[in-house]
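S.K.: Prediction below, plus the sequence it came from.
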Amino acid sequence: MNTLDHQLSALKDALAAETPPTATDRAVAAAIAAARRAPRRSSPPAADRWFVWPLALAAAIGALSFIVRQAPPDVVPEASAAPSASFMPVVPREELARTGDAYVMPARMPRMALAQFGLPVNPARAAEPIDAELLVRPDGAVLAVRFVN
Amino acid sequence: MPPSPASLTDRAAASDAALAARVALGDADALDPLYRRHRSQVYRFALLWSGSPAVAADVTQDVFVHLLTRAGDFDAALGALAPWLLGIARNFVRRRFAVPESPVADTDLPATLAAAPDAAPDVALVAQQDLERLRRAIAALPPHYRDVLVLVELAERSYAETAAICGLELNTVRSRLFRARALLAQALALDAGDAAAGAA
């Protein structure tokens, strides 16, 4: 180790215990509290209603059939159906807050699932699966979903 | 309703990606364990980059407030949370010093580094003096060299992570690090020479 390496290592050691001042801790805690109080823009569907998903899927299939009948495939470009960039909850916020550990899992879903979240589907690609990420609890319950390319 | 102690324990053990996803879903309390995990390295990065504890504190706050509102932008498939946060910290600290993000040619190497400000007169220990001189020399490096030096040598980020954070090619990170070290060694040698001349 040369002199510069030695000095950089000494500087790293000297700074190892540096932490932000308590004023920063308080400011971030205040931001968290403010965000906690802020109203949610929309409430997600209840997860304990087991019939919601089949009904939603049936509705999506119906909507998809309607779209296929009404418009030629090239009228609904997939580009306008940008997959969601962030997770969309499938359980109530209260349940999310109650949930402790959770994991992000990659998944592949029928493209029609996009319709369940109000996202447009290109009928020409309806048969193709779409990549997604699921936020799941250790017991396997899905908390949220995000569609990726 | 405040979260139960059990859920707090679980939350503390959850992965960065899961916590970030929950922040994105509106669970603001999930930010707390993320802040505790990453605040120190974000603060140290900003401190080394800026040389100012006040700026470092402000940047640290900005980074985590940004995470609170834009957690959905984080994609765990593209990398870990820590480098993502350091990238945000880099943007905030550069903005404070009005450093443009425009590409910089590596041929823009100055002949010599600008002289570091004078050392405080009452620094007692030589070791402390050396560290202070090194910190000032790092803070005086041109920003594009300072980025890679602080990230690789002091924040212990890999070349690949540094390249992702700074939006550079891997080879550019290597060459900039080489030049940053050369500039630093040069500045420290000059500074040490000045100090010796002043003492004589």
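M.R.: Perfect, thanks for sending it.

S.K.: hmm, the helix or strand encompassing B:L19 in reach of chain A?
M.R.: Using DSSP states H and E, B:L19 sits in helix B:16-24. Yes. Counting by C-beta under 8 Å from any C-beta of the partner chain, chain A is contacted by helix B:16-24 at B:17-18, B:21-22, B:24. In short, each C-beta sits where N, CA and C put it, glycine included.

S.K.: Let's see if you can find the most crowded of the residues you listed.
M.R.: Highest neighbour count within the residues of helix B:16-24 next to chain A, by other C-beta atoms under 10 Å in any protein chain shown: B:A21, with 30 neighbours.

S.K.: tell me the contacts of it?
M.R.: Taking C-beta atoms under 8 Å, 6 or more residues apart in numbering or on different chains as the criterion, B:A21 is in contact with A:87, A:102, A:104, A:135, A:144, A:146, B:71, B:76.

S.K.: Where does chain A get nearest to chain B, which residue?
M.R.: A:G100 (2.2 Å; C-beta to the nearest C-beta).

S.K.: these two touch, right, that residue and B:L19?
M.R.: No. Judged on C-beta atoms under 8 Å, A:G100 makes no contact with B:L19 at a distance of 11.1 Å.

S.K.: ok, then the element right after the lowest-mean-pLDDT helix or strand in chain A?
M.R.: Every helix and strand in chain A was compared by mean pLDDT, DSSP states H and E; the lowest is helix A:52-70, with a mean of 62. Per DSSP H and E, the first helix or strand lying C-terminal to helix A:52-70 is strand A:88-89.

S.K.: Give me the buried positions along the following helix or strand past that next one.
M.R.: Downstream of strand A:88-89, the next assigned helix or strand under DSSP H and E is helix A:93-98. Within helix A:93-98, the residues scored as buried using 16 or more other C-beta atoms under 10 Å in any protein chain shown are A:95-98.

S.K.: Stretch A:123-137 now?
M.R.: For stretch A:123-137, burial by neighbour count (16+ other C-beta under 10 Å) applies to A:123, A:126, A:130, A:132-137.

S.K.: and the residue of chain A closest to chain B, how many neighbours?
M.R.: Counted with other C-beta under 10 Å, A:G100 comes out at 17.

S.K.: can you give me phi and psi for it?
M.R.: Per-residue torsions, A:G100: phi -90, psi -100 (degrees, to the nearest 10).

S.K.: element containing the residue nearest the centre of chain B, please.
M.R.: Among the residues of chain B, the one closest to the centroid is B:F45, at 2.6 Å (C-alpha atoms, centre = their mean). Using DSSP H and E, B:F45 sits within helix B:31-50.
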